[in-house]
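A.B. asks: The sequence isn't on hand, but the structure is:
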């Protein structure tokens, strides 16, 4: 991958951060399972079944209060190993909801793992092929953070697109062509030179498509990811390898590249398509409102020998100094559907 990107830049010139990130992550996810102790990172569903179960019950509650539409489908974007889907679908069954499952995935390796957990699922390469005539119950956990971002850098002469070039056999960022001031929120336009603004047109496009479907077909979406509530300044591009931070400009395609999600941008995009938005709310507060402590007590009662592990998993999901504050939860709900719980 490094060689291919180097040749591309040598031939066509510097590329955007978005293209660099997209090319690197496409290669990274194509042939590996990056999850778990033997991989590069661990997501919430792999930490505890409680996470997926509470999401499933959140969806089931909305579905019941919306009149139990018989044709509703479950949709998950970036389902990892299928653990969240399996846990959520099991919890939904306990509430009388057994929707067909649709998984949006591009990795053949992860699709195989998902098939073991949810064998009856239907797979999609992107959101455009999802069912278009039924209510959709959508989950996106740690999906948007991996979508490509553009970076703009403030200079003394205005804002410029941040590009990626090669110097002495290393990938390095560099200021590129000027960008019009209107591409930067008014309150941020006069930022100190060197300031970075990140945007993700890819994320906005996906949210708009999901919101358009929900507005037309009914249903809801739950987005869980790490990020910030308001559009702001800062370079959040990062790489993770073997559960440790790494240099995002080295060895592209061998490390997971992500950036913080701009929830304000997602909210604006969803509202433009006519859906209601709730949140974002800190993940820890949302899980506690949804009953994670009751579920942890129930699991501990059933398996006292696992009590310490259950408590540790609960703390990892909700503690402010772990995942509880950095990760946010946002809901998109069709007009005419009930208000969602947890917000």
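C.D. replies: Done, it's in. Since the model is a prediction, treat every value here as computed from it, not as a measurement.
A.B. asks: Quick check: chain neighbours aside, which residue is closest to residue 31?
C.D. replies: Leaving aside its chain neighbours, residue 31 sits nearest to residue 109 (5.8 Å; criterion: C-beta to C-beta, 6 or more residues apart in numbering). Yep, even glycine has a C-beta here, placed from its N, CA and C like the rest.
A.B. asks: Tell me how far that neighbour lies from residue 216.
C.D. replies: Residue 109 is 34 Å from residue 216, where distance means C-beta to C-beta, to the nearest Å.
A.B. asks: Check residue 31 too.
C.D. replies: Separation of residue 31 from residue 216 (C-beta to C-beta): 37 Å.
A.B. asks: Which one's more surrounded, those two?
C.D. replies: Neighbours per residue, other C-beta atoms under 10 Å: of residue 31 and residue 216, the larger number sits with residue 216, 15 against 9.
A.B. asks: List the contacts of the nearest residue to residue 23 once chain neighbours are set aside.
C.D. replies: Closest residue to residue 23 apart from its sequence neighbours, by C-beta to C-beta, 6+ apart: residue 5 at 6.2 Å. Counting by C-beta atoms under 8 Å, 6 or more residues apart in numbering, residue 5 makes contact with 15, 20, 23, 24, 171, 252.
A.B. asks: can we see that at 7 Å?
C.D. replies: Contact analysis of residue 5 by C-beta atoms under 7 Å, 6 or more residues apart in numbering lists 20, 23, 252.
A.B. asks: Residue 56 now?
C.D. replies: Applying C-beta under 7 Å, 6+ apart, the residues contacting residue 56 are 87, 88, 89, 90, 91, 92.
A.B. asks: where does it land in three-state SS?
C.D. replies: Per DSSP: H, G, I helix; E, B strand; the rest coil, the secondary structure class of residue 56 is helix.
A.B. asks: From residue 88, how far off is it?
C.D. replies: For residue 56 relative to residue 88 (C-beta to C-beta), the value is 3 Å.
A.B. asks: What is the neighbour count of residue 63?
C.D. replies: Using other C-beta under 10 Å: residue 63 sits among 24 other residues.
A.B. asks: distance between stretch 96-106 and the chain's centre?
C.D. replies: Stretch 96-106 has its C-alpha centroid displaced from the chain centroid by 17 Å (C-alpha atoms, centre = their mean, to the nearest Å).
A.B. asks: mind listing the strands for the stretch 101-250 of the chain?
C.D. replies: Here the stretch 101-250 of the chain has its strands, by DSSP state E, counting those that start in this stretch, at 101-104, 122-124, 136-141, 150-155, 158-167, 170-178, 196-199, 219-228, 238-241, 244-246.
A.B. asks: what comes up buried for the second one?
C.D. replies: Right, strand 122-124. Across strand 122-124, burial judged by 16 or more other C-beta atoms under 10 Å covers 123, 124.
A.B. asks: Low-confidence ranges, this structure, go.
C.D. replies: Counting by pLDDT under 70, the ranges of the chain that qualify are 1, 32, 34-41.
A.B. asks: All the helices of it, residue numbers only.
C.D. replies: Assigned by DSSP state H, the chain shows helices spanning 2-12, 17-30, 44-47, 49-65, 83-94, 108-117, 201-217, 263-272, 283-290, 292-302, 307-318.
A.B. asks: Would you mind listing the buried residues in the second one?
C.D. replies: The one in question is helix 17-30. 17, 18, 19, 20, 21, 22, 23, 24, 25, 27, 28, 29.
A.B. asks: The last one: what's it in contact with?
C.D. replies: By C-beta under 7 Å, 6+ apart, the contact set of residue 29 is 106, 107.
A.B. asks: Could you do the fourth one as well?
C.D. replies: Under the criterion of C-beta under 7 Å, 6+ apart, the contact list for residue 20 reads 5, 164, 252.
A.B. asks: Quick check: residue 279 vs residue 200, distance?
C.D. replies: Taking C-beta to C-beta, one finds residue 279 at 18 Å from residue 200.
A.B. asks: ditto for residue 189
C.D. replies: 19 Å.
A.B. asks: between the two, which one's more packed in?
C.D. replies: Remark: of residue 189 and residue 200, residue 200 carries more neighbours, 23 against 14, as counted by other C-beta under 10 Å.
A.B. asks: Surely that one is in contact with residue 151?
C.D. replies: No - at 10.3 Å, residue 200 does not count as touching residue 151 under the criterion of C-beta atoms under 7 Å.
A.B. asks: that older thread, how about the buried residues of helix 17-30 in JSON lines, adding distance to residue 315?
C.D. replies: Formatted as JSON lines, these follow (distance: C-beta to C-beta, whole Å):
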{"residue": "17", "distance to residue 315": "35"}
{"residue": "18", "distance to residue 315": "36"}
{"residue": "19", "distance to residue 315": "39"}
{"residue": "20", "distance to residue 315": "36"}
{"residue": "21", "distance to residue 315": "32"}
{"residue": "22", "distance to residue 315": "35"}
{"residue": "23", "distance to residue 315": "37"}
{"residue": "24", "distance to residue 315": "33"}
{"residue": "25", "distance to residue 315": "30"}
{"residue": "27", "distance to residue 315": "35"}
{"residue": "28", "distance to residue 315": "30"}
{"residue": "29", "distance to residue 315": "29"}
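A.B. asks: between those residues, which is nearest residue 100?
C.D. replies: Relative to residue 100, the closest of the buried residues of helix 17-30 is residue 29; by C-beta to C-beta it sits at 24.9 Å.
A.B. asks: Please tell me how far that closest one sits from residue 104.
C.D. replies: For residue 29, the distance to residue 104 (C-beta to C-beta) stands at 13 Å.
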